[in-house]
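>>> need a structure here:
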Amino acid sequence: MKEVRVEVTDEMIRIWLSGHIDSTNADAVKAELFDQIGDTAWPVTVDASGLEYISSAGLRILLQLRKRHADMRITDVSPEVYEVFDVTGFTQMMEVSRAYRKVSIDGCEVIGKGANGTIYRIDMDNVVKVYNNADALEDIQHEREVARLALILGIPTAISYDIVKVGDSYGSVFELLNAMSFSKILETEPERLDWCVSEYVELLRKIHDTEVPSGKLPDMKKTALGWAKFMKDYLPEETGSRLVKLVEDVPYNDHMIHGDYHTKNVVLTNDEVLLIDMDTLAVGDPVFEFASIFNALIGFYELDHDGVVDFQGFSYDTSVTFWNKVMAAYAGTDDASVIESLTDRARIVGYTRLIRRSIRRGGLEDAQKKKEIDHWTEELTELVDKIDSLSYNA
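Numbering: from 1, shown residues only. Below is the predicted model of the structure:
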């Protein structure tokens, strides 16, 4: 088996090492390696996925290579070879990354779904979040950091203990013993709806009561303001300006919001309610949270009631009932006028996000999606003219 292969393209050098590299073949490997690289000094990526063993003679080749190519990294290193790199100090001198275990999701149950990925149960004890972005390592690191922050601040959540390859993408593995999402409970045990509402709101209040140290999470208001400014080109001038002003006037709030708090992202595991899918964590007024909840339960499905069954697993009627009960429990009142006012504020932000999302995905060129955009726009225009403040603290 050939121990080295080199590819030099687009001002990048890729090297594949395989088998055993030791004193018996080091000179030959070195000669072939440097002959193929030539005099170029471009960045080097060494793929060590096929490397089973490397001795000090092989390590000296890599040191000589790094002298010529300061921008050098070694990827997909097996645990055994990684230990050699670690003990000898290579992991301190350059980027050395371990190989990732491969996981299949064929036939696995979907227990959660968010804007950036889908969560699958891979066995009774573990789930994996598979990211939509094929180059998701930075996304995974971000989610691990914010999940750790949430846990430190007292939010019950699961922490990823492993990174794996899933097809062409990456995934984070979490231990969630016998976890069942609130979507699944509402689908299979409808008699527990009031229990789900109570637990759902209790956790939501805990999140919203959590003050976040400055700079640790993004400000959701800034994101929502971008949505509103986008909408100015698709609304009457006065309505568009008023929408932007409503978002601008929402006071800064340094308390946590989840950002994608739907019933697939709240799970019951061993009698403990946990929050999952943490990559959307931010700070901001609760209106931004409830806009997301409204969309996940109602907004997306106002013209297609069957859509909520496909996503959440339960009926549109259950979805509307759940929303109304959650609003009443969170507000601490059955006063219909209070619930309507809070709902209307969430709808404004929710419709703004839905319209922008659909337009950016070509919705204006699709007859059915254009019908949805027109519906949301009509509702949004009417609401903007009757609401004086979006803030839930107003």
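
>>> these two touch, right, residue 54 and residue 81?
Yes - counting by Cβ atoms under 8 Å, residue 54 touches residue 81, with 6.1 Å between them. For the C-beta atoms, the positions are set from N, CA and C on the backbone; glycine is no exception.

>>> Who has more neighbours out of these two?
Neighbours per residue (other Cβ atoms under 10 Å) separate residue 54 from residue 81, with residue 54 holding more: 25 against 22.

>>> What strands flank the helix or strand of the chain with the lowest mean pLDDT, and is each parallel or antiparallel?
Across the helices and strands of the chain, mean confidence by mean pLDDT, DSSP states H and E is lowest for strand 109-113: a mean of 80. Paired strands of strand 109-113, with direction, are strand 117-121 (antiparallel) (DSSP bridges).

>>> Between the two ends of stretch 182-198, how far is it?
12 Å (Cα to Cα, to the nearest Å).

>>> I'd like the average pLDDT over it.
Confidence for stretch 182-198, expressed as mean pLDDT, is 97.

>>> now swap in stretch 243-263 and tell me
Per-residue scores along stretch 243-263 average to 97.

>>> Now it: buried residues?
Neighbour counts over stretch 243-263 (16 or more other Cβ atoms under 10 Å) mark 243-244, 246-247, 250, 253, 256-263 as buried.

>>> which pair in the residues you listed spans the largest distance?
Greatest spatial distance in the buried residues of stretch 243-263: 244 and 263, 31.5 Å, computed using Cβ to Cβ.

>>> What about residue 335, how many residues nearby?
Other residues lying near residue 335 total 11 when counted by other Cβ under 10 Å.

>>> Against residue 342, how distant is it?
Residue 335 is 10 Å from residue 342, where distance means Cβ to Cβ, to the nearest Å.

>>> Check residue 93 too.
Taken as Cβ to Cβ, the span from residue 93 to residue 342 is 56 Å.

>>> And residue 92, by the same measure?
Applying Cβ to Cβ to residue 92 and residue 342 gives a distance of 54 Å.

>>> Show me which of those two is the more surrounded one.
Counting neighbours by other Cβ under 10 Å for residue 92 and for residue 342 shows that residue 342 has the greater number, 19 against 9.

>>> name the helices or strands packed onto the helix or strand where the more buried one lies?
Assigned by DSSP states H and E, residue 342 belongs to helix 336-360. Applying 3 or more Cβ pairs under 8 Å, 6 or more residues apart in numbering; DSSP states H and E, we find helix 336-360 packed against helix 220-231, helix 237-248, helix 286-297, helix 316-331, helix 367-384.

>>> So for that helix, what gets flagged as buried?
Applying 16+ other Cβ under 10 Å to helix 336-360 flags 339, 341-356, 358-359 as buried.

>>> before we move on, what about stretch 3-14?
Residues 3-4, 6, 13 are the ones in stretch 3-14 that count as buried (16+ other Cβ under 10 Å).

>>> can you list the residues you listed in TSV and add secondary structure?
Conversion of the buried residues of stretch 3-14 to TSV gives the following (DSSP: H, G, I helix; E, B strand; the rest coil):
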residue	secondary structure
3	coil
4	strand
6	strand
13	strand
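
>>> wait, residue 244 sits on residue 226?
No - with contact taken as Cβ under 8 Å, residue 244 and residue 226 are classed as non-touching, separated by 10.2 Å.

>>> the helices in the stretch 1-150 of the chain, which residues?
According to DSSP state H, counting those that start in this stretch, the stretch 1-150 of the chain carries its helices in the segments 26-37, 56-68, 79-87, 90-93, 137-152.

>>> immediately after the longest one, which helix or strand?
When you say that, I think you mean helix 137-152. Counting by DSSP H and E, what follows helix 137-152 is strand 162-166.

>>> tell me the angle the helix or strand that that next one is followed by makes with strand 117-121.
Moving toward the C-terminus from strand 162-166, the next helix or strand (DSSP H and E) is strand 169-175. Inter-element angle recorded for strand 169-175 and strand 117-121: 50 degrees (by axes from the mean of the first three to the mean of the last three Cα atoms, to 10 degrees).

>>> Which positions in strand 169-175 come out as buried?
For strand 169-175, the neighbour count (16+ other Cβ under 10 Å) marks 170-174 as buried.

>>> residues making contact with stretch 32-48?
4, 6, 8, 11-17, 61-62, 65, 68-69, 71-78, 81, 99 (Cβ atoms under 8 Å, 6 or more residues apart in numbering).

>>> Stretch 212-229 now?
146, 149, 153, 243-244, 246-248, 250, 252-257, 259, 281-285, 288, 291, 349, 352-353, 356.

>>> buried ones in that stretch?
For stretch 212-229, a neighbour-count test (16+ other Cβ under 10 Å) marks 212, 217, 219-221, 224, 227-228 as buried.

>>> Residue 59: neighbouring residues, count only.
17.

>>> you'd agree it is up against residue 88?
Yes - the criterion here is Cβ under 8 Å, and residue 59 meets it with residue 88 at 6.1 Å.

>>> Between those two, which contacts overlap?
Counting by Cβ under 8 Å, 6+ apart, nothing touches both residue 59 and residue 88.

>>> between the buried residues of strand 169-175, which is nearest residue 323?
residue 174 (27.7 Å).

>>> how close does that closest one sit to residue 18?
From residue 174 to residue 18 the distance is 33 Å (Cβ to Cβ).

>>> Over to residue 87?
22 Å.

>>> So for these two, which residue has more residues nearby?
residue 18 (16 against 9).

>>> and that one, bridged to which residues?
Counting by DSSP bridges, the residues bridging with residue 18 are residue 50.

>>> please renumber so the chain begins at 28
Okay, residue one is now 28; in that scheme the one you just asked about reads as residue 45.

>>> pretty sure it contacts residue 80?
No - applying Cβ under 8 Å, one finds residue 45 not in contact with residue 80, separated by 10.5 Å.
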